[in-house]
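Visitor: Need a 3D model of the sequence below.
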Amino acid sequence: ITSSIYKMSVATMHSSLGPSRRSRNKLAVDTPSSSPTLHPLTSPPHKRRRDQSGRGALQRYALRHTPFLVFVICVAVYCCVMYLHATSLGIKKRTLRNASVSSELHKKAIANAPTDASTELVHVVQTRFMQDQSDLLELGLARLELFETFCLPSILAQTNKNFLWVIRTDPDLHPSLLSKLLALLEGRPRIILIGSNYNPEGFGRGESGSFGNYLRADNQNRTEMSASILSGDHTLLEESFANSASGAVLLETRLDADDGLHRDFVKTVQQEAKYLMRSEGNPVWRIWCISFNIEWHPLNPFPESSSINKTFNEGYLVMYSDPNICVTPGLTFGYSTGADRSSISGRLRHDEITRKVTPCTPEKDKTDKTDNIEVNCFSRLANLSPGAVRSRTTTSAGMDNVVTGIEAFDKKNKLKAASKNKQLAEKFNKQFFAQDMMWNGLHILFSVSRQRAKDARKLMMDRMQQIAEDNLKGQCTPGHSCKDGTQLLLKSFASE
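Guide: Numbering: from 1, shown residues only. A predicted model of the protein is given here:
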């Protein structure tokens with residue numbers, strides 16, 4: 001492009017300067033004096049003399065050097081455009097990287113996964129909604145808004161639909177909440193809503209026992225089939241339970257009601273499980289964790305500075321990862337035939353996994369002194385980045401990483417504390433100025449609407465105190481957080 005422009009500019013300038021002195025003299029002799037042309041070479045002698053003056057010489061010098069200047073400018077512009085284009089592509093690839101950038105294990109799983117039905121698989125995504133908190137209406141309405149904004153769209157957008165989503169809610173859930181929840185789930189047979197406060201682990205095996213026991217109303221009520229299936233296909237649920245009990249590969253994924261999963265999450269985990277769980281010997285298991293997640297905050301989570309003071313009505317997005325824990329959204333336990341939760345030595349909290357379970361060692365990472373560990377271990381889904389979206393609001397039971405606007409508490413917030421680390425603060429600052437791109441990515445990968453996020457943020461901001469009060473009442477109920485620090489934070493939040 002620059003070469004063509006250079007040649008065109010040279011030709012243009014030469015035509016303006018005219019032919020050389022020799023050809024000019026010839027042209028002056030051959031051209032009739034009566035010619036009406038206005039070409040400078042056939043101008044009257046006194047005008048030609050003026051052109052040969054010092055002023056004319058400077059003009060000709062400038063004209064002769066113009067092609068070179070044009071060439072330099074074109075090259076500079078071209079380089080700038082290509083640099084900006086390459087930089088923007090690099091940022092997009094790093095921020096919105098999805099399953100196409102696969103790990104070695106994922107590539108191997110795709111290449112070697114069985115193409116027939118020889119490896120039968122049952123995949124259950126499990127979500128809890130307002131269990132043992134049936135009368136906390138403000139908290140319930142806020143959580144339902146987050147469920148509709150983040151959780152439900154991400155599940156409906158999954159590229160692999162071969163899974164069940166089991167949602168357990170309090171049997172006595174407030175009627176206004178239940179009616180809205182049923183309306184959202186209507187006509188979706190693979191989404192099973194159960195009125196129960198009981199949360200068994202092991203779908204069709206282990207502590208879940210029989211199908212009747214799986215449908216108990218709560219931990220105290222031992223009566224089988226006492227829970228009500230409020231929505232979804234009862235027959236499909238029972239058949240899947242029987243398939244798991246008879247030896248199908250089982251995947252159990254945890255998803256909180258205010259979080260969401262990458263659109264390729266189910267497809268990715270199932271591909272790896274079909275490859276890894278084809279065990280003909282001893283029962284094996286594996287745990288999958290999200291590697292990176294993106295957080296949504298109603299209040300600004302970025303380190304404060306003079307340049308970071310803009311308010312976003314849809315909230316703030318920040319890429320964040322804690323290498324010391326497995327976050328709850330997307331936490332998946334996989335079992336081959338004959339394996340269940342007891343094979344992993346009982347229940348594990350999500351923050352204990354990295355300390356108590358051996359990390360998997362892909363073949364490309366092993367050394368001569370280490371074995372290739374791909375089962376009976378935990379791994380991270382590095383090829384899904386971000387693999388989950390987490391909403392960090394006053395609805396959170398543990399209030400971890402939630403920005404409150406209360407200076408005394410926000411000083412301890414991991415994101416706000418990043419201002420003390422210059423390198424980390426610079427990384428977060430870049431995300432602040434890339435919010436538009438991150439929202440586009442959230443829509444592509446999670447089907448989250450920016451407008452719905454605006455509505456959710458407005459509700460959180462308008463009813464923040466009432467939500468915090470309800471969350472405080474819900475602390476220490478069965479299955480929920482009971483930390484002194486969280487209760488102190490919620491008390492301060494509610495009072496201010």
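Visitor: For stretch 449-465, buried residues please.
Guide: 449, 452-453, 456-457, 459-460, 463-464 (16 or more other Cβ atoms under 10 Å). To be clear about C-beta, it is placed using only N, CA and C from the backbone, and glycine gets the same treatment.
Visitor: Pipe those residues into a markdown table and attach pLDDT per row.
Guide: Converted to a markdown table, the buried residues of stretch 449-465 look like this (pLDDT from 0 to 100):
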| residue | pLDDT |
| --- | --- |
| 449 | 97 |
| 452 | 97 |
| 453 | 98 |
| 456 | 97 |
| 457 | 97 |
| 459 | 97 |
| 460 | 96 |
| 463 | 94 |
| 464 | 92 |
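Visitor: Dump those to a markdown table, plus secondary structure and distance to residue 140.
Guide: What follows is these, written out as a markdown table (DSSP: H, G, I helix; E, B strand; the rest coil; distance: Cβ to Cβ, whole Å):
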| residue | secondary structure | distance to residue 140 |
| --- | --- | --- |
| 449 | coil | 22 |
| 452 | helix | 18 |
| 453 | helix | 20 |
| 456 | helix | 14 |
| 457 | helix | 18 |
| 459 | helix | 12 |
| 460 | helix | 14 |
| 463 | coil | 12 |
| 464 | helix | 15 |
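Visitor: Neighbours of residue 286, how many?
Guide: Other residues near residue 286 come to 26 when the count uses other Cβ atoms under 10 Å.
Visitor: Quick check: the gap between it and residue 218.
Guide: Residue 286 is 31 Å from residue 218, where distance means Cβ to Cβ, to the nearest Å.
Visitor: Can you say which two of the buried residues of stretch 449-465 are spatially most distant?
Guide: Maximum pairwise distance among the buried residues of stretch 449-465 (Cβ to Cβ): 21.9 Å, between 449 and 464.
Visitor: Give me the mean pLDDT for the host helix or strand of residue 145.
Guide: Here residue 145, judged by DSSP states H and E, is contained in helix 137-146. Helix 137-146 carries an average pLDDT of 97.
Visitor: could you dump it to CSV, C-alpha only?
Guide: C-alpha atoms of helix 137-146 as CSV (Å, rounded to 0.1, in the frame of the first residue of the first chain):
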residue,chain,number,x,y,z
LEU,A,137,-38.6,-11.7,51.3
GLU,A,138,-36.1,-8.9,50.6
LEU,A,139,-33.2,-11.3,50.4
GLY,A,140,-35.3,-13.7,48.2
LEU,A,141,-36.3,-11.0,45.8
ALA,A,142,-32.7,-9.8,45.4
ARG,A,143,-31.4,-13.4,44.8
LEU,A,144,-34.2,-14.1,42.4
GLU,A,145,-33.1,-11.0,40.4
LEU,A,146,-29.5,-12.2,40.3
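Visitor: wouldn't residue 320 be in contact with residue 297 here?
Guide: No - using Cβ atoms under 8 Å, residue 320 is not in contact with residue 297, being 10.1 Å away.
Visitor: Residue 301 belongs to a helix?
Guide: No - checked against DSSP: H, G, I helix; E, B strand; the rest coil, residue 301 lies outside a helix; its state is coil.
Visitor: List the residues that contact it.
Guide: With contact set as Cβ atoms under 8 Å, 6 or more residues apart in numbering, residue 301 has these partners: 295, 316, 318, 392, 401, 403, 413, 415-416.
Visitor: Make JSON lines from these and add secondary structure to it.
Guide: Output for these, formatted as JSON lines (three-state DSSP):
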{"residue": "295", "secondary structure": "strand"}
{"residue": "316", "secondary structure": "strand"}
{"residue": "318", "secondary structure": "strand"}
{"residue": "392", "secondary structure": "coil"}
{"residue": "401", "secondary structure": "coil"}
{"residue": "403", "secondary structure": "coil"}
{"residue": "413", "secondary structure": "coil"}
{"residue": "415", "secondary structure": "coil"}
{"residue": "416", "secondary structure": "helix"}
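Visitor: which of those lies closest to residue 132?
Guide: Nearest to residue 132 among those, with distances taken as Cβ to Cβ, is residue 392, at 22.6 Å.
Visitor: That closest one: what's it in contact with?
Guide: 295-297, 301, 400-403.
Visitor: out of the residues you listed, what pair is the most spread apart?
Guide: Counting by Cβ to Cβ, the most remote pair of the contacts of residue 392 is 296 and 400, 14.1 Å apart.
Visitor: So the two - more neighbours on which side?
Guide: Remark: of residue 296 and residue 400, residue 296 carries more neighbours, 26 against 17, as counted by other Cβ under 10 Å.
Visitor: And for that one, nearest residue in space, chain neighbours not counted?
Guide: Excluding its sequence neighbours, the residue lying closest to residue 296 (Cβ to Cβ, 6 or more residues apart in numbering) is residue 391, at 4.8 Å.
Visitor: Same question for residue 439.
Guide: Distances taken as Cβ to Cβ, 6+ apart put residue 450 closest to residue 439, at 5.3 Å, once the chain neighbours are dropped.
Visitor: Next one, pLDDT for the closest residue to residue 233 other than its chain neighbours please.
Guide: Nearest non-adjacent residue to residue 233, counting by Cβ to Cβ, 6+ apart: residue 189, 3.8 Å away. Note on residue 189: pLDDT of 97.
Visitor: show me what contacts residue 189?
Guide: 232-233, 236.
Visitor: In three-state terms, label residue 216 for me.
Guide: With three-state DSSP as the basis, residue 216 sits in coil.
Visitor: Please name the residues that touch the closest residue to it other than its chain neighbours.
Guide: Spatially, and ignoring its direct neighbours in sequence, residue 216 is nearest to residue 198 (4.6 Å; Cβ to Cβ, 6+ apart). With contacts defined as Cβ under 8 Å, 6+ apart, the neighbours of residue 198 are 168, 216-219, 221, 227.
Visitor: Mind doing that once more with 10 Å?
Guide: Residue 198 sits next to 131, 168, 171, 208, 213-221, 226-227, 479 when contact means Cβ atoms under 10 Å, 6 or more residues apart in numbering.
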